[in-house]
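*Asks:* Sequence plus the predicted model coming up.
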Amino acid sequence: MITTEKRFESDIETALLSPSGGYTKGTGTYDPSLGLYVNTLIDFIRATQPKEWARFERQNEVNPVRKYCLAFNAACDADGLVSVLRHGFKHKGITFRVCYFKPESGLNDTAAQRYAQNVICCYRQWYYSADTKKSVDMVLTVNGIPVFAFELKNQYTGQNVENAKRQWMYDRDPREVCFQFNKRILGYFCVDHLEVWMATKLAGKDTYFLPFNQGSNGAGQDGGKGNPPNPDGYPAAYLWEQVFQKDSMMDILQKFIHLQVKEEKKRMPDGAEKLVKKKTLIFPRYHQLDVVRKLLEDVSANGAGRNYLIQHSAGSGKSNSIAWTAYRLASLHNREDKPVFSSVVVVTDRTVLDAQLQETISGFDHTLGAVETIGEDKTSKDLRDALNAGVRIIVTTLQKFPVIFREVDKAAGRCFAIIVDEAHSSQTGSAALKLKTALADTEEALREYAELEGKAEEELDPDDKLMQEIIVQGKHKNLSFFAFTATPKDKTLELFGTEYEDGSFHPFHIYSMRQAIEENFILNVLQNYMTYETCFKIAKTTADNPDLPASRAAKVIRRYQELHPYNISQKSQIIVETFRETTRHKIGGRGKMMVITSSRLAAVRYYHEVKRYIQEQGYDDVEILIAFSGAVRDGDEEYTEPKLNVRSDGSHIAETQTKAEFHENFNVLIVAEKYQTGFDEPLLHTMIVDKKLKSVKAVQTLSRLNRTCPGKNDTFVLDFVNTQEDILEAFQPFYQETMLQQEVNTDLIYQTQRELRGYGIYSDVDIEAFAKEYFKTGRQDARSMGRMTSILKPVADRYNQKTTDERYQFRRQIRSLIKWYSYISQVIRMFDKDLHKEFVFCSYLLGLLPAEAVDMVDLEGKLKLEYYKLQKTFDGQIELQEIKGVYEPAKQKGAAGHDPKEPLDEIIEKINEKYKGAFTEGDRVLLNALHTRLMANKKLASMAKTSDPQIFAESIFPKAFGDAAQDSYMESQDTYTTLFEDQHKYNAIMSALAEVIYRELRNQ
C-alpha cells in the first residue's frame, strides 16, 4: 500500500482525468509573467473566433500573441477575471470570449458546440513563478487560464489542512500575477483525506480560510462539522468527484462565484473618514451549493407545485442562498425547453436583501432582465404590472398582495416560484391567502368543486364568490414555495415541510445551528450566560382590601416593581459596571452592549438612570443610545427616540441614523422591541436581558450576538428575568433539525364549531342570511354593508344578554375558530361550504361584538416596595444536547377561564411568595419612609412651587434629603446604616425621590 502525498495527488488526478471527471491532462507551458498557458489560450481563440483573431492580427502585426495576452490582462485589471470569463472583453472594437458556458436550454446547438470546444485541463506540480522553484500541488485551467489551485496534504505523512493553510499564507506571494485578487486563481483550496478549507484571496498571515465540508452526516443533513466516512473512497472525495467535476466547475464559474462590493467607512491617520470600496469574492459554501442544486434537481424532476422548507441557521449566508436560488429558478427550463416559472417572487421584509439580489443576479446574467424591487417607494399596482408583464424576479413584501389579488392576469400555464425569507406565522394569515388568490391556477380545484357539486364545469357560475374563495385554499400545482428559516415553527413545517412515509414533516435541507457554531460561522451565544433572580416583597399602603381581577392585578403589581426607581437604579449600576469591566475590553476595545427592556417606559427610565449613574461616577467611556417606536409619556414629559438620542455636538439623531451611530460612535444601546430581530452588528458582544423571552423570540433576540468579526472570540449574556432552564427550552428545538410528528387533526375545528353553537347565540338561519348578503353576485351597493350589519345585530344582542363569563368564553372560542380555519385552509382544501360561510360570518360578527368593559386596576399610591434583592442563580455555559427538536401535532387551545376576582391582600401574598428571598435589613427599601418625611417638609413644599426642576434637584433637594436621612437614622439605626455605608445607594434613592417629590409638592 503506497501512502505518499504523490499517491494522493495521483488518485485525485485519476478521478479528474476520467470520463466522468471530464478534464484533459495539461501539457502546455506556463508563462509566469503573463499568468497564462499562452499557447492554450491563443489556440482556443483561433479555433472558436477565427474572424475576430484575423482582425486582431491585422491591427497588431508585431507580436499579436503577446499583445492579446496584455489586452486580456488589462481587461482583468479593469473588470476582474470573473466578469471577463462570463462576459468576455472588448479591445479596439473587437469582442472576445475567453470561454463558453453550457446553454440553459437545449435549443441552441451552436452554444452547445462552443461549450464542447473549451480546453479544460488539470496540471500537477504547477511551477507558478519565474523566480522560484516552488510549486503548487494542482491547478485547474480553463483555456489556459488558471482558475482553481489545490495544496494537498496527507495524514499518513504527518500533515493535514493546517499545513496547507500555512503554505498558502506564508509561502505564496500575493503579488504574483496568478495570485492577485480576481486576476487568475479564484479559489485556494487546502485538502487532506478528511477535510477541505478554502479562501478566495491571499493576504499573507491575514488570509481568511472557510471550511468547505459537507457536515458530519453529509450535506443537507442534521449534524455537526466535518465530513462523513465515504464507503467508496476518501471522505473528501466529493471535492474532486462532484464539486470540481468539469461541468460542475464551469457551472460554479458561470452561476455561483460572485464579486460583492461594499462601501465601508475607513478612518484615515489624520482622523478623517473616507468611504472605501471593499471587494470580496464569494465562493458558495458547500451547503449553499448543495441546497441550490438539490432544489433545482427536485423541481426539474417533479415540476412546479411542491413546497420546500430550508432550515438554515444564522451564519449560513441565507441572503446569498436566496439570491442564487432565485436566479437559478428564474432561468430553469423544462424538458420542452420552456421556462418552468413565469416569475420568481421573493417575499421579504429586508431591504438589504433586495439590493444584494439586484447586485448578485446582474453579475451573473445580463439577459434575464433587472430584478424588480417593489419597495416602500412603489405601490401594489407596480407589483401587479410586474407580475402581468412576467418580470423574471420580483422582490416584494407580503402586504402588497391584498390590494391587487384580483387584478393579476390568470393566464393558463403560468407557474410561480415563491421564495419566503423568514417563514413564520404570517404565512397562515389573510395576506398569504391573498398571495395565493393572486397567483394560483385554480383550474384543478374548479374541476374538483364541480364534481362535488354534481355539475359540469361550464354550469358553474363564474361570479360565485363563495366558490372563488374556496378554490384558492390548499396547495396548487402552479405554485412552488421555497421557505427559508433558522427557526421553523410547527405550522411552518406542515405548510412547507416534506412529509415522510410515517406522516412526520421535515425540512428539505438543513444547515443546523450546531454545524454553524462548530464551523465558527457564528458564535455560541450560550457559552457565557449569567442569570439573576430578582427577589422582592411588596406591601400595601392602604387599609382598603378591594376584590380585583387576579391576573390583571398581579400584572400591575409586577409592573410596579419592574418600573420602581430602586429596581431600575440597582440594575443600571450592574449594566454600566458590566460594560466597563467586561464589554469595553472585548474585540480590541470596540465591544458593544445591548439592553433588552420589557416596555418602552422601562427603556426610557433605564436610559435616564444609566445616564445619571455615569455622570455620578464621572465615567467618560460609556456612550448610550435608546431605540423604541413612537412617543412615551412619563409624568409630565413626553419622550421620543430622536429627542433622547443626542451626539456629542448636541445634534439629535434621526431614527434612521440610530443603527449607524451605534456602530460608529456609541457603545450601549437600550431597546424596547426594536432591533431584537434582523439587526446585524458584529461588534455586539454583551446583552443584558430584562424581559421575559420565549421560544423563537428568545432565539432571535439572543442571536443578535452571534455575528463573528476579527477579534471577537466570545459573547456574554446577563439575564435578570429568564432562568437557565427557560433559555435551554427555547434554544433546544432549533439546535439541530426541527420536525413535526404528524399533521394537524383538521376535524378538531368541528368541535370548536359545536361548542360555539352551544351558547345559542347564532344558528344556521343567521349564517345563511348573512352569507346570502355577503356572497351576493354583482357590485356592492350603497346599502350592502348596512344590511350586513342589520343581519348581525340580533346576534350581537343575544350575545349581550349572556353573563360576563359566557361572553368572555364565546369571544375566545370565536377567535379560535377564525385562527384555526385560516391555518387549515392554507394546508388543505376541504370544500366545506358550510364551514367557510361560518368562518366568514364569525370574522365579521367578532368585529361587531362590543369590547368587554374592563375595570381599571388602579393601585397608584397603594403599594410600596419593602424589600429588594438581586441574587446570582447561574453562571456558565448553557449546554445544548445533540438531539432533534420535535413538535407534537398542532392543537387548538381551549378557552381559558375568566379572570376571577381576589382580595388585594391575597394577590400580593401570592406574588411575594413567588419572589421571596432571604432578606436582611440591608435589603430593606427606604424610599417610602423618606418620601413621607419629605412630603411633610413645608419649607421644601414652598421652594418646590417657586423653583425650576433642575435647581430644585441639584441645589435645594440634596440638603432636605440629607436632613431627612439623618433624622430617620436617629430613629432606626439598623434600618438606615446601609444608606450611609453605600454612596451609590444613597445617590440612587435621592435621585429617585427628587423628581417624584418635586412633582407631588407642586400639585398639592
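*Replies:* Sure, I can see it.
*Asks:* and after the helix or strand of the chain with the lowest mean pLDDT, which helix or strand comes next?
*Replies:* Across the helices and strands of the chain, mean confidence by mean pLDDT, DSSP states H and E is lowest for helix 351-364: a mean of 66. As assigned by DSSP states H and E, the chain's next helix or strand after helix 351-364 is strand 372-373.
*Asks:* In the sheet, which strands lie alongside that next one, parallel or antiparallel?
*Replies:* Strand pairing for strand 372-373, determined by DSSP bridges: strand 393-396 (parallel).
*Asks:* Could I get the full set of strands for the stretch 751-900 of the chain?
*Replies:* 863-876, 885-887 (DSSP state E, counting those that start in this stretch).
*Asks:* ok, and what's touching the very next helix or strand once past the last one?
*Replies:* For strand 885-887, the following helix or strand on the C-terminal side (DSSP H and E) is strand 901-903. Contact with strand 901-903 is made by 545-550, 553, as judged by C-beta atoms under 8 Å, 6 or more residues apart in numbering. Bear in mind the C-beta positions are built from the backbone N, C-alpha and C, glycine included.
*Asks:* Direction included, what does strand 901-903 pair against?
*Replies:* For strand 901-903, using DSSP bridges, the partner strands are strand 547-549 (antiparallel).
*Asks:* Give me the phi and psi angles of the residue minimising distance to the centre of the chain.
*Replies:* Nearest to the geometric centre of the chain sits G678, at 5.0 Å (C-alpha atoms, centre = their mean). Backbone torsions for G678, taken as degrees, to the nearest 10, come to phi 70, psi 10.
*Asks:* Q468 is nearest to which of the strands of the stretch 751-900 of the chain?
*Replies:* strand 885-887 (33.3 Å; C-beta to C-beta).
*Asks:* and the longest helix for the chain?
*Replies:* helix 804-827 (DSSP state H).
*Asks:* who does that one touch, helix- and strand-wise?
*Replies:* helix 430-439, helix 490-496, helix 748-757, helix 784-800, helix 833-848 (3 or more C-beta pairs under 8 Å, 6 or more residues apart in numbering; DSSP states H and E).
*Asks:* Next, the buried residues of it.
*Replies:* Neighbour-count burial for helix 804-827, counted by 16 or more other C-beta atoms under 10 Å, picks out 807-811, 813-814, 816-818, 820-827.
*Asks:* try stretch 97-114
*Replies:* Those buried within stretch 97-114 under the rule 16+ other C-beta under 10 Å are 97-101, 103-104, 111, 114.
*Asks:* Among those, name the ones in helices.
*Replies:* Per DSSP H, the buried residues of stretch 97-114 map to helices at 111, 114.
*Asks:* Mind telling me what element L281 is part of?
*Replies:* strand 273-282.
*Asks:* Stretch 302-314: which residues count as buried?
*Replies:* 304-314.
*Asks:* want to throw the residues you listed into TSV with pLDDT, distance to Y500 and secondary structure?
*Replies:* Formatted as TSV, the buried residues of stretch 302-314 follow (pLDDT from 0 to 100; distance: C-beta to C-beta, whole Å; DSSP: H, G, I helix; E, B strand; the rest coil):
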residue	pLDDT	distance to Y500	secondary structure
A304	90	22	coil
G305	90	19	coil
R306	92	14	coil
N307	92	14	strand
Y308	94	15	strand
L309	93	13	strand
I310	95	17	strand
Q311	94	15	strand
H312	94	20	strand
S313	91	22	coil
A314	86	26	coil
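*Asks:* Is it possible to get TSV of these that adds distance to L433?
*Replies:* Output for those, formatted as TSV (distance: C-beta to C-beta, whole Å):
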residue	distance to L433
A304	19
G305	18
R306	19
N307	15
Y308	20
L309	19
I310	23
Q311	24
H312	26
S313	29
A314	29
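*Asks:* in stretch 205-215, what counts as buried?
*Replies:* Buried-residue list, stretch 205-215, by 16+ other C-beta under 10 Å: 207, 209-215.
*Asks:* from those residues, which is closest to T946?
*Replies:* The closest of the buried residues of stretch 205-215, once distances to T946 are taken by C-beta to C-beta, is L210, at 69.0 Å.
*Asks:* OK, contacts around the closest one?
*Replies:* Applying C-beta under 8 Å, 6+ apart, the residues near L210 are 197-199, 285.
*Asks:* Check L253 too.
*Replies:* Counting by C-beta under 8 Å, 6+ apart, L253 has contacts 82, 85-86, 99, 101, 142, 147, 186.
*Asks:* try it again with 7 Å
*Replies:* 85, 147 (C-beta atoms under 7 Å, 6 or more residues apart in numbering).
*Asks:* Could you grab the helix/strand/coil label for it?
*Replies:* Put simply, L253 is helix when judged by DSSP: H, G, I helix; E, B strand; the rest coil.
*Asks:* Would you mind stating the distance between it and A237?
*Replies:* 21 Å (C-beta to C-beta, to the nearest Å).
*Asks:* And the strands in the stretch 51-200 of the chain, which stretches?
*Replies:* Counting by DSSP E, counting those that start in this stretch, the strands of the stretch 51-200 of the chain are 89-91, 94-96, 120-127, 135-142, 145-152, 187-191, 196-199.
*Asks:* if we can go back for a sec, select, out of the strands of the stretch 751-900 of the chain, the one closest to E407.
*Replies:* strand 885-887 (37.6 Å).
*Asks:* Which strands border that closest one, and is each parallel or antiparallel?
*Replies:* strand 738-740 (parallel).
*Asks:* Nothing else from me, thank you.
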